[in-house]
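Engineer: need a structure here:
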Amino acid sequence: MLTLSNRVVIPAHELEFQMIRASGPGGQHVNKASTAIMLIFDVKHSPSLPDYYKQRILSRPHPNLTPGGKIIIKAQQYRSQEMNRQDALARLKSMIDAAMVVQRTRIATKPTKASQKRRLDAKKRQGQTKKLRQSKPGSSD
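Structural biologist: Sure thing, here's the model as predicted:
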């Protein structure tokens, strides 16, 4: 079971866990123990997710989201199966939480009169400095 908010809970039967062998170093242990976890969650056909959750998750591009509407997360960071399972659940929760964050719309503002004046004064000072660096016509260098 994965709790997303007070009202939204994903029951355990909607989460599919597959135990697979982890890649990378590990000696004999990695060759005989399936410690990595592959978590598969079908967003499109989940009855526990509200429609606006589904729309937000499916509308955002994400490398773990398949075109069929499934989220596939592979967790193999830890050496124990249970810790990898917890890691996969935490990553699924953070992915869904990130999809639910609503970006505030930016309101365009005008620069103040004082900031415009400071900007122009700085440009004039820079121009004067550059003018002083120029060689005078007729002087030999």
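Engineer: which regions of this structure lie under the pLDDT threshold?
Structural biologist: 24-31, 138-141 (pLDDT under 70).
Engineer: can you pull out the helices in it?
Structural biologist: Along the chain, counting by DSSP state H, helices occupy 28-32, 51-59, 81-100, 113-133.
Engineer: which of those is buried the deepest?
Structural biologist: Of all the helices of the chain, helix 81-100 has the most neighbours on average by mean count of other C-beta atoms under 10 Å, namely a mean of 16. Every residue, glycine included, has its C-beta placed from N, CA and C.
Engineer: hmm, who's touching stretch 13-20?
Structural biologist: Residues outside stretch 13-20 that contact it (C-beta atoms under 8 Å, 6 or more residues apart in numbering): 2, 34-42, 46-48, 74, 81, 85, 88-89, 92.
Engineer: Run the chain-centre distance for it.
Structural biologist: 23 Å (C-alpha atoms, centre = their mean, to the nearest Å).
Engineer: How about that stretch, which residues are buried there?
Structural biologist: Across stretch 13-20, burial judged by 16 or more other C-beta atoms under 10 Å covers 14, 15.
Engineer: So residue 20 versus residue 41, what's the distance?
Structural biologist: 16 Å (C-beta to C-beta, to the nearest Å).
Engineer: I should have written residue 102 there, sorry.
Structural biologist: 22 Å.
Engineer: what do you get for residue 116?
Structural biologist: In terms of C-beta to C-beta, residue 116 sits 53 Å off from residue 41.
Engineer: ok, the closest residue to residue 65 other than its chain neighbours - contacts?
Structural biologist: For residue 65, ignoring the flanking residues on the chain, the nearest one in space by C-beta to C-beta, 6 or more residues apart in numbering is residue 71 at 5.7 Å. The contact partners of residue 71, by C-beta under 8 Å, 6+ apart, come to 39, 40, 41, 43, 57, 62, 64, 65, 92, 95.
Engineer: Noted, bye for now.
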